[in-house]
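> need the 3D shape of this:
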Amino acid sequence: MQVSNPLTSSLKEDFELLCSAVRQAGDLSMRYFGQSPQHWEKEENQPVSEADIAVNDLLHQQLQTPRPDYGWLSEETPDE
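The predicted structure is shown next:
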């Protein structure tokens, strides 16, 4: 009889969540590829574009909504 390991189940769910979020972020980023998205500098020599912000926002929503207790570290937002 195989016993279910809650840690293994949790890791599998996290893996599936991450894969889904990364696929969606890739699809979104490809919409900007070959285009001329708006861009600016956050600080000197630190460029950012609307594509960067859009992908960041999508990943944040896709990952933090189901896992609000997990941290979030991003170049585009303050540390949480």
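> for the residue nearest to Ser29 when sequence neighbours are not counted, what are its contacts?
Excluding its sequence neighbours, the residue lying closest to Ser29 (C-beta to C-beta, 6 or more residues apart in numbering) is Val55, at 5.4 Å. All C-beta spots, glycine's among them, are computed from the backbone N, C-alpha and C. Contacts here follow C-beta atoms under 8 Å, 6 or more residues apart in numbering; on that basis Val55 touches Ala25, Leu28, Ser29.
> where along the protein do the helices fall?
Under the criterion DSSP state H, helices of the chain are mapped to 6-32, 50-64.
> quick one: low-confidence parts of this structure?
1-4, 6-7, 79-80 (pLDDT under 70).
> and the residue nearest the centre of this protein?
Relative to the mean C-alpha position of the chain, the nearest C-alpha, by C-alpha atoms, centre = their mean, is the one of Leu59, at 2.5 Å.
> does that residue touch Arg23 like I think?
No: using C-beta atoms under 8 Å as the test, Leu59 is too far from Arg23 to be in contact (11.3 Å).
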